[in-house]
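[1] Next one to model:
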Amino acid sequence: MVKPDQAAREAVAKSGFQSQDALKKMLAVDAKNLAAFKPIIQRQGFPKPSQVGVDGFKAAFLLIQHADLDPVLQSQVLPQLVALHDQGMISGSDVALLTDRVLRAQGKPQRYGSQFDQDTDGSSMKLQPTEDMANLDKRRAAMDLPPMVDYACMMSAYTGKKIKLEP
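    Here you go, the predicted model:
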C-alpha cells in the first residue's frame, strides 16, 4: 500500500502540484488504501513498532496520515499514538503530524505547523492556521520537529515553491 501511496504523491509533486489528474489518482489510492487498512485498525488497533517493526510502523503511520477521507478514524488513532509516544515507543513528530491533521479536519488551528495549502495562484505554499505562533518553535522542539524556518526551507525544496509563514 505504501508504494502506490508514495508513487501517487511523487506524481503530484512532479506536476508542481498542478495536475488535477495526478491529484485524482492520489485520492483514489488513498481511498483504496483506507478501505484495506481501516478494517485492520478497527479489528486490532493501530500497530505498534513491537508488533510490526519500525518499518511496518512507519508504513502504517504513513497510511493513517494520508487517510484524510476518514478524519474520524484519524482522531480515533491519535490517542493510541499519544500513548505509544508517552511509552517512548515512537517519535513525537508522528504524534505532531497526526495532531495537526486531526485539528485541521475539525476546523481548528493546527498546533505544530506541519500543514500547508497552495496559494490560489499556485506559486507558493502558505502555512495553514496555527495556534500561538509566538510559541510554535517551543512546541515543535518538544515533539522532535525542527524549527519552523528550517521546516519551511525543506518544504520549499520539496515543492519548489516559496513558503509563506505569516497567517
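
[2] only C-alpha atoms for contact and neighbour calcs from this point on.
    Will do.

[3] dump the residue contacts of I64.
    34, 74 (CA atoms under 8 Å, 6 or more residues apart in numbering).

[4] To clarify, my last question referred to M155.
    Applying CA under 8 Å, 6+ apart to M155 gives the contacts I163.

[5] pLDDT of the biggest helix by length in the chain, averaged?
    Once the chain is assigned using DSSP state H, the helix that runs over the most residues is helix 20-44. Confidence for helix 20-44, expressed as mean pLDDT, is 95.

[6] Could you list every helix and strand that it packs against?
    Contact partners of helix 20-44 among helices and strands, from 3 or more CA pairs under 8 Å, 6 or more residues apart in numbering; DSSP states H and E: helix 2-14, helix 49-65.

[7] that's a strand at I163, yeah?
    Yes. According to DSSP: H, G, I helix; E, B strand; the rest coil, I163 belongs to a strand.

[8] what about it, neighbour count?
    Using other CA atoms under 10 Å, I163 has 24 neighbouring residues.

[9] give me the number of residues near the closest residue in space to it that isn't next to it in sequence?
    Leaving aside its sequence neighbours, I163 sits nearest to M125 (CA to CA, 6 or more residues apart in numbering; 4.9 Å). Applying other CA under 10 Å, we find 23 residues neighbouring M125.

[10] part of a helix, is M125?
    No. According to three-state DSSP, the state of M125 is strand, so it is not within a helix.

[11] Report pLDDT for it.
    pLDDT, M125: 90.

[12] from memory it sits against K161, does it?
    Yes. Between M125 and K161 there is a contact at 6.5 Å, judged by CA atoms under 8 Å.

[13] Tell me which residues touch the nearest residue to L62 once chain neighbours are set aside, please.
    Using CA to CA, 6+ apart and skipping residues adjacent in sequence, the residue nearest L62 is V2, 7.5 Å away. Listed by CA under 8 Å, 6+ apart, the contact partners of V2 are 59, 62-63.
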